[in-house]
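Chemist: Okay, sequence plus prediction incoming.
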Amino acid sequence: MTTRKQALTALYALQDAAKVAEVAAYHKVDRVYLGIPVPKVEELTNAWRASCTLDERMDLAADLWASNIHEARVAAAKLLTQARMRPDDSRAWELIQSWVPEFDAWAIADHVCIAGQKRLVADPSRVDALEAWTTSELMWARRAVLVMTLPWTKMNFPKEADLAIRERVLDWAASYVGDKDWFMQKVVAWWIRDLSKHDAARAQGFLNEHGPYMKSWSRKEAAKYLTPDVVDTVAETELQDQPQDQSPTQSE
């Protein structure tokens, strides 16, 4: 098995001192950075995965996350990113949920959310746990709801249960459109844009109803793969019918 000490030693051996300041400035969060590109981190996690049992891998992921080193947290997420886990993936899902309240930057959050996507697809009943995040004071937790459920935007032939999850997430997305935080506007646009590639009619319906309350750039991003008349229809109705307390700000 690979121990915490061995894993951190391997990460520090790849440290690029010339990149550290640049990466720290980019992510804008006060923690240790090693300047290691993600593909190099993945090479390490692939080797660690091969040397560990599932339980040992969960222990290693927890230890790496606790180090609060940027690349170690990325590695922790990569150790949990797997479509099928045997004999039981419940601990992986528990770890992922425990990390969400500590999200503070998009890169680490997204790596963990990709791991979370796999666990949700493996057991869609876990989507229930996301509802509490939709009203979290932590923006990154609210955002994680849509990033983790992206697989439901990509289904060409969704089953009835999948459609129910899709509609549930669309309701959550609708509750976000009045949130003017850039990351929240971006993730709503991302979800609807990806959905439009597989269910254009439902994406168009969402924008017809909720597009007027989105930032203009977010609405345009969401409609990127829809026909031009969708954007025109939404724009025409944008301001005249809005309740005063939901109108967009003038600083888009």
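Modeler: Okay, I see it. Numbering: from 1, shown residues only.
Chemist: quick one: R193 is in a strand?
Modeler: No - per DSSP: H, G, I helix; E, B strand; the rest coil, R193 lies outside any strand segment and is helix.
Chemist: got the buried residues for stretch 42-49?
Modeler: Neighbour-count burial for stretch 42-49 flags 44-45, 48-49 (criterion: 16 or more other C-beta atoms under 10 Å). All C-beta atoms are positioned from the backbone trio N, CA, C, and that covers glycine.
Chemist: how about the CA coordinates for that stretch, as CSV?
Modeler: Provided in CSV are the C-alpha atoms of stretch 42-49 (Å, rounded to 0.1, in the frame of the first residue of the first chain):
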residue,chain,number,x,y,z
GLU,A,42,-3.0,11.6,-12.2
GLU,A,43,0.1,9.5,-13.0
LEU,A,44,0.8,9.2,-9.3
THR,A,45,-2.8,8.4,-8.3
ASN,A,46,-3.0,5.7,-11.0
ALA,A,47,0.1,4.1,-9.4
TRP,A,48,-1.3,4.5,-5.9
ARG,A,49,-4.6,3.0,-6.9
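Chemist: I would like the residues contacting that stretch, please.
Modeler: Contacts with stretch 42-49, where a contact means C-beta atoms under 8 Å, 6 or more residues apart in numbering, come from 2, 7, 10-11, 14, 57, 60, 75, 78-79.
Chemist: How about stretch 155-174?
Modeler: 124, 127, 130-131, 134, 145-146, 149, 152-153, 188, 191-192, 195, 198-199, 202, 206, 209-210.
Chemist: one step back: of all the buried residues of stretch 42-49, which two lie farthest apart?
Modeler: L44 and R49 (9.6 Å; C-beta to C-beta).
Chemist: that older thread, can you say which of the contacts of stretch 42-49 are buried?
Modeler: Buried by 16+ other C-beta under 10 Å: 2, 7, 10-11, 57, 60, 75, 78-79, out of the contacts of stretch 42-49.
Chemist: can you tell me which of these are in helices?
Modeler: 7, 10-11, 57, 60, 75, 78-79 (DSSP state H).
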